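Undergrad: Here is my input; please provide its structure:
(chains A, B, C and D, ligands or ions: 4)
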Amino acid sequence: MEQFLGLPPLASVHGAEIDNLISLIHWLMLILFVGWGIYFIYALIRFRAPRQPKADYGGVKGHFSSYIEVGVAIFEAVLLLGFAFPIWGMVKYEIPSESESTVVRVVSEQFVWNIHYPGADGIFGRTSIDLVDAETNPLGLDYDDPYAKDDITTINQLHLPVDKPVIIHLSAKDVIHSFFLPVMRVKQDAIPGMTIPVWFIPNRTGESEIACSQLCGLGHYRMRGFLTVETQEEYDGWLAEQAALLEDEEDGWW
Amino acid sequence: MTSASSELDTHTRTYLAVFGALAILTVVTVTVGYLSLPVGAAIVVALSIASLKGALVASFFMHLISEQKSILWLLLLTLGLLLVLIFILIIAFYDHAGTIIVT
Amino acid sequence: METIPYTVTPREDTGLINAKLGIWLFLASEVMLFGGLFSAYIFLRLGAVSWPEGSSILNVPIGTFNTLVLIGSSVTMVLSWAALAEKRFDRFRLYLGLTMLLSLLFLVVKGFEYSEKFSHHLYPASSSFMAIYFTLTGLHALHIIGGLVVNGYLWGPGSKMWASDPERFTNRVEIAGLYWHFVDLVWIFLFPVLYLL
Amino acid sequence: MAEVHGEQSFWRKYIFSIDHKIIGIQYGITALFFLLFGFILMMIMRWQLAYPEQPVPIIGWLLGEEGILLPEVYNSLGAMHGTIMVFLGIVPLSVGAFGNYFVPLQIGAPDMTFPKLNMASYWFYFLGGIVMLASFFVPGGAANSGWTSYPPLAVIATMGQTMWLVGMVFLITSSLLGAVNFITTIIQLRVKGLTWMRLPFFVWSQLVTAFLLLLAFPPLEAAGVMQLMDRLAGTSFFLPSGLVVSGQVLEVTGGGSPLLWQHLFWFLAHPEVYVLILPAMGIVAEVLATNIRKPLWGYRAMVYSAVFLGFMSFIVWAHHMFLTGMGTTLSGFFQTTTMIISIPSVIILTAFLLSLWGGSIRFTTPMLFALGFIPMFGLGGLTGLPLGLAPADIHLHDTYYVIAHFHYMVAPGTIFALFAGVYHWFPKITGRRMNETLGKIHFWGSFVCMNGIFMPMFAQGMAGISRRLWDGGISYQFAQDAGVLWSNELISISAWVLFLFQIPFVYNLIRSIKGGEIVDDNPWEATTLEWAAPSPPPHGNFTEPLTVYRPAYEYSVPGAVKDFLPQHQPEEG
Ligand code: HEA
Ligand code: HEA
Ligand code: CUA
Ligand SMILES: [Cu+2]
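TA: Ligands and ions are numbered 1, 2, ... in the order given. As a prediction, this is how the structure comes out:
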C-alpha cells in the first residue's frame, strides 16, 4: 500500500508509524470504495428500467447496511484509539531531554528559514526584535551576550546528525508559515508570537528539502530550505566549519 | 377582553417590579465591584448577577416564561453552541504545545 | 392562495406567528454575534500579559447611570406594548416616545464617554482592552441606533397601521420590543464585563 | 405581506420582485455567472501551473508584464476562486436559487414568510458580489491571503483584503436574512397534512442548512469586524507583539492571537462545508427517488442523520487546525468528533445506494448527474478520513491531497447535484424540458474531465506537494523526484476541456427556455408538491388549496394503478 500511495521516501523513526496509519486508513477506504462500487454498478445494470419495468416498493430488507456502518465505526475507533492518539501523544509530548538531542531554533520569515544553532556552549544567545537587521542580523541576535558569541546561524541550511533526536524550536517573525520536512513526515505551523517545539529522529543520511506549506505571501512558492542529514562526524565537521567562518567574520569586523 | 384592564394592571405592576429588581441588582453589582474581590470571585459574582438580570429581562419583558417551548429550545441550542465555542477556546488556550513569546 | 398565513393569528401546531419566530431566530444569531466577540474577549484576556481593571479606565458611575437608562427604556418599551394591548394608543405613543428619548440619552452619554476617552488619547489601537471596549460598545451602539430607527418608524409613519390593522400593529410593536430588550440584555452583560471586571 | 398585486411595473415584477420564484431565478442567474467567473479564474491559474512562467494566451494582456501570471496575482486569483465558488457560487445557487424556488413549492406555501426580507437578502448578496468584483480593481488587486484570510498575513495585506471583509459582511447579512426566512417558512407554512416525516428530504436539508448559516455565520462576522478593526483602526486582535515584517518592527499594540481568527473562521467554515453538501444531498434525494420509481430506502434514518450532521458540524472545526500546535486533549476531541461526523454521511450515502436495489432505474440526464454524485461524494468523503486523523494529517495538511478531497465534494459532488437540479426542475420553472442528448454529452464529458482534474491531485498531495504554490512545486527537488508534476499539464487540460463541455449546457439552458419540448405540469411523474403547481407556477403558486395525505416518495405502491401517488392526491385513482 505504501508503495502504491507514492509517499515520499522515509527518513525518520516516527514516520513509519504515520505511514502505517495512512496505509491502514487507505485500506479501509479502498475496501469501502471498491465494495460499494461493485454493488453500485451491479445495481445500475440489474435494475435498469428496460430490464426491471416495475419497481419493488419494499426494496432491501435486513440489517446488512447497519453491519457495514457499525463496521466502519469500529474500524475508525480502532484507528483512533490504537494509532492516532498514541502517535499524536508521542509526537507532541514525548520530547526527549534536550541534553541528548540536537537542539535548533528555526525562525521563519517571508520567505526564508533562519536556522540558529546554540554553538559549542549549547546555549542560545539572547535575541531581541530591536536588533533585527534584515541584511546582517535577521535573528536579532545580541552579540553582547556571551552565549551569543559562538552561536551559528544559517539561512535555509539545516544540518542534522543522524540517529539522534532533534528538537526544533519553531517560531515566526511576521506571518504564519508551516515547517514541512516531507521525508521526515514532519509538519508544524510556525505561528508568530509563539515558540512551538517539534521533534523527530532522522534515521537516514542524505539531502532533502524544507518546504513551506502555509500561504505566507507572494514568495510562498520559493520559501525553500535545505536539509542535510549526515553522520555525527560529518555534522561536527560542518559545525566546526561554520564556527570558523564565524571567527573569520569577527576578525573582519573588528 | 373583559377583564383585560385589571389583568394588564397586574402586568404593569410586574414590569415595574422587575424594573426595581434590575435597578437594585445593578447597584449591587457596582457595589461589589468596589469591594475589589479576587478576580475569580469577582467574575463569578458579576456574571451571576448579570445572568440573573438577563433572565429577568428575558422572562418578563420578553415573556419567555409564557412563550412556546420551541423558542426555549432554540435559545438553549444557541446558548449551548456559544458555550461550546467559549469552552473550546479556553481549552485551546491551555492545551497548546508551545509557549507564548513575551516581548 | 394569495396571502401568507399566520401573520396575525398563530399557527395551531407551533403556537407562533411568523414574525415572532423570525425575530427569535434573528436574536439567536445575534447571541452568536456578540458571543463571538465575548469569546474573543476571553481568549485575548487569557493570553494577555496584563489586563487592566475596567474601572481603572472607564467611568463606572456613568456606566451605571447608562445601564439604568437602558433598563428604563426597556420598561417603557414593554409598557408601550401593554398600552396597545389595552387599546390606548395615546399612552402607547407616550411610552414609545419615552423609550426613544431614553435611548437617545444613552447614545449621548456614550458619545460623551467616547470623546472623553479620545481626549485622553485612548483609541482602539491603544491596547487590547480599548480595542475590545470600542468594538463591543460600538457594535452595541449600532444596534441601539437600529432600534431607534425601528421605534421611530413605529412611533411615526408606521403607526398608521393602528387604524387599519390594530392586531398586526400590536404584534409589530411586540416584535420591536423583543429586539429592544435583547439590546438591553446585551448591555447587561457588557457593563460588568467591561466596566467592573 | 403578499397582498394581491395586480398589474406591476417591470421593475417591481422582475427586478425588485418579492416573489420567491423571481428571487430564486435572480439568485440562480447571478450564482451561475459567479460560478463561471470562478471557473475562469481557475483556468487562468491552471495555465501557470501547467506551463509556469509562460505568457497566458487570450487574456494575457490583462495581466501586464508580458502576459505572465505573477505570484501576487496568482494568490489573488486563488483566494478569490475559493471565495467566489463557496460564498458567491455554490451557496447562492443551492440555497438562494433552489431553496428559494422549491422550498415554498414543496411545502405547498404561497411564498416565503417574509417576501421583502427575501428580496433584501438577494440584494445584499448582489452588493457583496459587486464589492468582491470591484476589489479586483483596487491598488494591489483583490484579496490575496487565501479564502481563509489568516492573519497576520491578511492584516498586512493590500487593500483588496478590506474589500473582501466588507464584501463578506454583506454576504453574511444576506445569508442570515435568508436563514431566518427559510426556517420560519418551513416551520410555519407547511400545508395541512405535511407532517415532519412527510417532508421531502430536500426541505429537510434546507432546514438544517439554514440553522447552520444562522448560528455559525455570526462568529465569523464578529471576526470579520475585528479584522477590519485591525486593518483600519490599528487594533491588534490578531497580531501578537513583536512582529518584524521585512526587517521592520511592526508598530502595533500587539497582544492579539492569530489563532483566534482561525478558531472563529473555522467555527463558520466547517459548518459551511456542510452547507455546501446538504442541499446537494437534498437534490440528489429528489432526483433519485423520482427516477428509481420507489421510496427512498431509510428515509427516517436519512433525516436523523442530516439533523445529527448539523449538530456535529459545530464541533469539529479545529480539525483544520491540528498543525497549529494543538495538544492531545483538544486534538483527541476533534479527531473523535470528526470520525463521528463521518458516520451520518455514511448512513445517507448508504441509503442512497440501497435505494437503488429493486428500483426501475430511468437513466435521464438529471439521474445521471445524481448518480455521478454518489461515487464522487464517496471518494471525497473517504479521503476526508485520513485528514481527520491528526497524525496522518501531519503529512497531508495543506497539500494537494486536501485540495483533491474537498473538490471531490464540491465540484463533481455539489456541482453535479446542482446540474441534476437544473435538469430536473427546469420543466417546472419554464414548462419545457431541456434537451436530453446535449445533457448526456454534458454529463459524460464533465464526469471524465472532473476526474482528470482531481484524481492526479491525490498523488501530488501524497508526494507532499503543498497547495497555493505559484509554480506548482517544480522548484522542489523532492517534487520532481516523486514524478507527479507531469500531471499538472493533464489537470489543466482536463480543466479547459471541462470548460468546453459546459458549452452544450449553457446552449441547452438558454435555448430550452424558448425552444425546449413543451411538457405538462408533472413530466417526470413525481410525487412531491411542486409538481402539483402549474408550470411555471403563478404568483401565489397553487391554484387550489392543498392537503397532504402521505409521505413524500410513494412510488410503485402495491395495488396502485399508476406507479406514483402524489402527496396531495386524496386516494388512489
Ligand atoms: C462539501 C464540502 C465538504 C464535505 C462534505 C467534507 C466532509 C469531510 N471532511 Fe472536508 N474539507 C472541505 C470540504 C468538505 N469536507 C474543504 C473545503 C476543506 C479545506 C478547506 C481549506 O483548507 O481551504 C476540507 C478540509 C478537511 C480537513 C482539513 C484538512 C487539512 O487542512 O489538513 C479535514 C480533516 O479532518 C476534513 C475532513 C472531512 C471529513 C472527515 C468529512 C466527512 O464528513 C466525510 C464523510 C463521508 C464519507 C466517509 C463517505 C462515505 C463513503 C462511502 C460509504 C463509500 C461510497 C462508495 C461508493 C459509492 C463507490 N476536511
Ligand atoms: C465550492 C467550491 C469550489 C468549486 C466548485 C471549485 C471548482 C474548481 N476548482 Fe477550486 N478551490 C476552492 C473551491 C472550489 N473550487 C477553494 C475554497 C480553494 C482554496 C482556495 C485557497 O487556497 O484559498 C480552491 C482551490 C483550487 C485549486 C488550488 C489552487 C492552489 O492551491 O494554488 C485548484 C487547482 O487546480 C482548483 C481547481 C478547481 C477546478 C478546476 C474547479 C472546477 O471544478 C470548476 C468547475 C466549474 C464549473 C463546472 C462551472 C460550471 C458553471 C457554468 C458553466 C456556468 C454556466 C453559466 C451561465 C449559464 C451564465 N481549486
Ligand atoms: Cu512561508 Cu509559505
Ligand atoms: Cu472541516
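Undergrad: ok, residue 161 - contacts?
TA: Here I'm looking at chain A. Each residue near A:Pro161 by C-beta atoms under 8 Å, 6 or more residues apart in numbering or on different chains is listed here: A:102, A:202, A:229-232, A:234-236. (Each C-beta comes from the backbone N, C-alpha and C, glycine too.)
Undergrad: looking at chain D here, not the other one
TA: D:Gln161 sits next to D:143-145, D:149, D:154-155, D:231 when contact means C-beta under 8 Å, 6+ apart.
Undergrad: Give me every residue in the stretch 1-150 of chain A lying close to chain B.
TA: Within reach of chain B by C-beta under 8 Å from any C-beta of the partner chain, the stretch 1-150 of chain A has these residues: A:92-93, A:129.
Undergrad: for chain D, that is, sorry about that
TA: Residues of chain D lying near chain B (C-beta under 8 Å from any C-beta): D:215, D:219, D:240-242, D:254, D:259-260, D:263, D:267, D:314-315, D:318, D:324-330, D:333.
Undergrad: Narrow those to those in helices?
TA: Applying DSSP state H to the residues of chain D next to chain B, the entries found in helices are D:215, D:219, D:259-260, D:263, D:267, D:328-330, D:333.
Undergrad: just the buried members of those residues?
TA: D:215, D:219, D:259-260, D:263, D:267, D:328, D:330, D:333 (16 or more other C-beta atoms under 10 Å in any protein chain shown).
Undergrad: Most widely separated two among these?
TA: Using C-beta to C-beta, the pair of those lying farthest apart is D:Leu215 and D:Thr328, separated by 28.6 Å.
Undergrad: returning to that earlier point: could I get the ones in helices among the residues of chain D next to chain B as TSV with pLDDT and distance to chain C?
TA: Shown next, in TSV, are those (pLDDT from 0 to 100; distance: C-beta to the nearest C-beta, whole Å):
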residue	pLDDT	distance to chain C
D:Leu215	95	5
D:Pro219	95	3
D:Leu259	93	8
D:Leu260	94	5
D:His263	95	8
D:Phe267	94	8
D:Thr328	89	20
D:Thr329	91	16
D:Leu330	92	14
D:Phe333	94	17
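Undergrad: Let's see the pLDDT reported for D:Asn451.
TA: We have a pLDDT of 96 for D:Asn451.
Undergrad: Which residue lies closest in space to it, excluding its sequence neighbours?
TA: D:Pro412 (7.2 Å; C-beta to C-beta, 6 or more residues apart in numbering or on different chains).
Undergrad: ok, how many other residues are close to the closest residue to ligand 3 within chain B?
TA: The nearest approach of chain B to ligand 3 comes at B:Gly98, 17.7 Å away (C-beta to the nearest ligand atom). Neighbours of B:Gly98 under the rule other C-beta atoms under 10 Å in any protein chain shown: 22.
Undergrad: any idea how far it is from D:Thr328?
TA: From B:Gly98 across to D:Thr328, the span is 14 Å (C-beta to C-beta, to the nearest Å).
Undergrad: Same question for C:His143.
TA: Counting by C-beta to C-beta, the gap between C:His143 and D:Thr328 amounts to 41 Å.
Undergrad: before we move on, what about D:Gln262?
TA: For D:Gln262, the distance to D:Thr328 - C-beta to C-beta - is 19 Å.
Undergrad: Whether the helix or strand where A:Ile74 lies contacts chain D - can you check?
TA: Using DSSP states H and E, A:Ile74 falls within helix A:64-78. Yes - contact between helix A:64-78 and chain D is present through A:65, A:68-69, A:72-73, A:76-77 (criterion: C-beta under 8 Å from any C-beta).
Undergrad: And the lowest-mean-pLDDT helix or strand in chain C, how far out from the chain middle?
TA: For chain C, using mean pLDDT, DSSP states H and E, the weakest element among its helices and strands is helix C:54-57, scoring a mean of 83. A distance of 24 Å separates the centroid of the chain from that of helix C:54-57, by C-alpha atoms, centre = their mean, to the nearest Å.
Undergrad: Just the buried residues of that helix, please?
TA: By neighbour count on 16+ other C-beta under 10 Å, the buried set for helix C:54-57 is C:54-55, C:57.
Undergrad: List the residues that contact the residue of chain C found nearest ligand 2.
TA: Nearest to ligand 2 in chain C, going by C-beta to the nearest ligand atom, is C:Gly36, at a distance of 21.9 Å. For C:Gly36, the contact set (C-beta under 8 Å, 6+ apart) comprises B:85, D:218-223, D:264, D:267.
Undergrad: now, among these, which is nearest to ligand 2?
TA: D:Leu220 (14.7 Å).
Undergrad: does that closest one really touch D:Gln262, like I thought?
TA: No - between D:Leu220 and D:Gln262 there is no contact under C-beta atoms under 8 Å: 11.3 Å.
Undergrad: follow-up on the earlier one: the buried ones among the ones in helices among the residues of chain D next to chain B into CSV, with extra columns for distance to ligand 3?
TA: As requested, these are arranged in CSV below (distance: C-beta to the nearest ligand atom, whole Å):
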residue, distance to ligand 3
D:Leu215, 33
D:Pro219, 27
D:Leu259, 17
D:Leu260, 21
D:His263, 21
D:Phe267, 24
D:Thr328, 27
D:Leu330, 24
D:Phe333, 28
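Undergrad: Out of these, which are close to chain A?
TA: Checking those against chain A by C-beta under 8 Å from any C-beta, the ones in range are D:259, D:328.
Undergrad: Provide a list of residue ranges in the chain with pLDDT below threshold.
TA: This is for chain A. Regions of chain A meeting the criterion pLDDT under 70 cover residues A:1-2, A:249-254.
Undergrad: look at chain B instead
TA: B:1-8, B:102-103.
Undergrad: Can you name the residues of it that neighbour chain D?
TA: Counting by C-beta under 8 Å from any C-beta, chain B sits next to chain D at B:77-78, B:81, B:84-85, B:88-89, B:91-92, B:95-98, B:100-103.
Undergrad: among those, which ones are buried?
TA: Buried subset of the residues of chain B next to chain D (neighbour count, 16+ other C-beta under 10 Å): B:78, B:81, B:85, B:88-89, B:91-92, B:95-98, B:100.
Undergrad: Restricted to helices, list those.
TA: Counted as lying in helices by DSSP H, out of those, are B:78, B:81, B:85, B:88-89, B:91-92.
Undergrad: filter the residues you listed down to the ones near chain C?
TA: B:78, B:81, B:85, B:89, B:92.
Undergrad: Out of those, which comes closest to A:Asp174?
TA: The closest of those to A:Asp174 turns out to be B:Ala92 (C-beta to C-beta; 22.8 Å).
Undergrad: surely the closest one meets D:Leu330?
TA: Yes - at 5.8 Å, B:Ala92 counts as touching D:Leu330 under the criterion of C-beta under 8 Å.
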